[in-house]
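> when you get a sec, could you give me coordinates for this:
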Amino acid sequence: MKPLQFKYDKQHDIMHIYFKGYSYIDDADKEYPNIYVFRNEITNRITKILVIDFMKNKDKLKELLSQYSFDFNEVI
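Coordinates of the predicted model:
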């Protein structure tokens, strides 16, 4: 699955990664410190990943993405 949209807030160092089907009502789990994974309540599919302190947490994001068969190079 490839992301549909990225939004990087440079001022706050926050990365938003959106996938197909994202909705504001999706549930978020904190899978790693400062990394939240949003899932569709019904299908349990990942719809968004939010990374706080993105520059510090790139390696953690790579690790998380590899668990879900995402290629970090497709995302960043």
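> please count neighbours and contacts with C-alpha atoms only from this point.
Fine.
> and the pLDDT for the most centrally placed residue in the chain?
Nearest to the mean C-alpha position of the chain, by Cα atoms, centre = their mean, lies Ile49 at 1.6 Å. Ile49 is assigned a predicted lDDT (pLDDT) of 91.
> next one: Asn34
93.
> check Phe72 too.
pLDDT, Phe72: 53.
> mind starting the numbering at 860 from now?
All set: I'll call the first residue 860, so the last point we hit is now Phe931.
> isn't Lys866 right next to Met874, touching?
Yes: at 5.9 Å, Lys866 counts as touching Met874 under the criterion of Cα atoms under 8 Å.
> look at the two and report which has more neighbours.
More neighbours surround Met874 than the other of Lys866 and Met874, with 20 against 11 (other Cα atoms under 10 Å).
> wait, that one touches Gln864, no?
No: look at Met874 against Gln864 with Cα under 8 Å: they stay out of range, at 10.6 Å.
> show me where pLDDT drops low in the chain?
Applying pLDDT under 70 to the chain picks out residues 860-862, 928-935.
> against which helices or strands is the longest helix anywhere in it packed?
For the chain, the helix with the greatest residue count under DSSP state H is helix 917-926. Counting contacts by 3 or more Cα pairs under 8 Å, 6 or more residues apart in numbering; DSSP states H and E, helix 917-926 is packed against helix 931-934.
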